[in-house]
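K.L.:
model this:
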Amino acid sequence: MTLSLLVPQEALPKVLKRLDKLARTAGVLIEEVPGTTTLIREKTVLTCARITIGDLPSVGGYEFAARIEHGKDGNVIARGPKETEALDTSWRTAAPHCEHCNTNRRRKETFLLRQYGMRLMQIGRNCLADFLMVDPAQMIALGELVRAVSDEMSDEHWGGSYGGFWEVAPIAYLACAVATTERDGFVKSKDPTRTPTHVVATWLSQGSTSADDHARWLAGQPNEDHIETAHAVLAWCANPGENPSEYRWNLSLAVKASGGGKHAGLLASAPAAYNRELGKLVAKKLPEKRAEGYAVEKHMVFKGEVTLVRHYLMQNDFGSKAICTFRTDEGHELVWFASGVAPKPDMQGMRFQIKGRCKSLKPAQGKYAQQAVLARVTWKPIESTEAKEESQAS
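P.N.:
Modelled structure (predicted):
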């Protein structure tokens with residue numbers, strides 16, 4: 001299993017120097033992945049390099065599972081990467097026992113080894129050579145390497161300012177999910193025709209592993225707007241309100257985890273769910289009046305102030321297309337099938353000055369009012385009264 005570690009770009013030379021000697025002794029390859037990954041720590045945007053570490057080899061037929069450093073108040077455990085599930089909590093207070101010599105004595109450290117996926121065996125450091133029947137130096141180096149990597153992931157190791165991550169922080173993953181959702185719409189994992197959103201978001205957050213894909217990876221990276229939206233999505237996820245649905249409850253727990261991991265699909269769906277919820281809130285605030293007739297006749301130009309009441313991304317053979325529905329103050333609706341730059345989903349409820357020519361008229365259908373379909377729309381957000389007052393005050 002090859003793992004990856006994010007480290008601040010400026011710290012990369014020192015990190016590689018710290019890990020390289022141990023890695024060579026352990027027979028583990030460390031490589032830098034082309035490109036960078038953006039991490040968001042609260043309001044700080046941190047540019048990180050990604051290095052890959054692996055595979056961790058077996059020694060004498062045994063795989064390294066964990067290194068236990070025994071202390072009087074408990075044990076410090078550095079778990080190996082193949083141990084994907086947390087170890088039983090009993091190891092946190094386990095005695096420094098060795099199953100090879102079957103003696104209890106004072107030991108600073110023991111190793112947990114696993115063979116062919118069988119149960120863990122606890123072996124003292126001085127007994128490794130007899131137990132493995134090979135030079136234990138490589139196994140010891142594996143334990144030291146895993147401990148060193150654990151140190152690199154610790155905030156304390158960086159003076160409390162930042163650390164490395166085995167997994168991308170939820171806010172960074174959400175920013176990648178926002179970027180791909182705005183570009184391609186939300187794609188479910190069961191869709192056989194397109195790449196699911198969580199797969200794309202994971203790829204964007206973890207880094208490009210191929211020179212051929214690097215340009216595409218860079219183009220898909222989240223920008224400042226995506227990061228800002230991700231913060232709004234994160235806040236929405238973290239506060240599910242009273243009596244939340246099972247989905248909202250699960251989301252609130254997923255964003256508190258250390259990374260996407262097994263919750264990647266759930267987190268990837270959050271931006272689309274947030275946009276739908278935003279649309280519902282906007283609809284509740286707007287008056288339900290429906291004006292008779294259309295805002296503009298066919299082939300004529302509409303120009304005026306409107307509110308964005310719905311935003312939907314539609315996928316076709318040529319890419320994605322935003323469907324923006326605007327409403328006038330009189331209650332007329334206008335729809336624009338935007339193939340170019342369009343308002344974003346989180347702009348629902350905002351006021352705009354738009355101009356476009358009516359190319360067709362749609363009669364009322366179900367809950368939707370009759371609509372004038374516009375083409376070649378130009379749009380500009382209208383600054384709110386509050387924003388104008390704040391701007392003038394500053």
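K.L.:
what helix or strand is the residue nearest to Lys344 when sequence neighbours are not counted located in?
P.N.:
Distances taken as C-beta to C-beta, 6 or more residues apart in numbering put Glu182 closest to Lys344, at 6.3 Å, once the chain neighbours are dropped. For the C-beta atoms, the positions are set from N, CA and C on the backbone; glycine is no exception. Secondary structure from DSSP states H and E places Glu182 in helix 170-184.
K.L.:
what helices and strands are in contact with that helix?
P.N.:
Packing partners of helix 170-184 (3 or more C-beta pairs under 8 Å, 6 or more residues apart in numbering; DSSP states H and E): strand 29-41, helix 197-206, helix 211-220, helix 224-238, helix 264-268, helix 270-285, strand 301-316, strand 319-327.
K.L.:
and Met121, how many neighbours?
P.N.:
17 (other C-beta atoms under 10 Å).
K.L.:
which element follows the helix or strand where it lies toward the C-terminus?
P.N.:
Met121 belongs to strand 120-124 when assigned by DSSP H and E. Next helix or strand after strand 120-124 toward the C-terminus (DSSP H and E): helix 128-132.
K.L.:
contacts for that next one next, please.
P.N.:
59-62, 100-101, 111, 113, 123, 135-136, 139-140 (C-beta atoms under 8 Å, 6 or more residues apart in numbering).
K.L.:
buried ones in that helix?
P.N.:
For helix 128-132, burial by neighbour count (16 or more other C-beta atoms under 10 Å) applies to 128, 131-132.
K.L.:
what do you get for stretch 284-302?
P.N.:
294-296, 302.
K.L.:
what does stretch 93-101 give?
P.N.:
Result for stretch 93-101 [16+ other C-beta under 10 Å]: buried residues 94, 96-98, 100.
K.L.:
tell me which helix or strand of the protein sits lowest on mean pLDDT?
P.N.:
Within the chain, no helix or strand scores below helix 385-393, which has a mean of 45 by mean pLDDT, DSSP states H and E.
K.L.:
circling back to that earlier point, okay, the buried residues of stretch 93-101 in JSON lines with pLDDT next?
P.N.:
Below are the buried residues of stretch 93-101 laid out as JSON lines (pLDDT from 0 to 100):
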{"residue": "Ala94", "pLDDT": "90"}
{"residue": "Pro96", "pLDDT": "91"}
{"residue": "His97", "pLDDT": "91"}
{"residue": "Cys98", "pLDDT": "92"}
{"residue": "His100", "pLDDT": "92"}
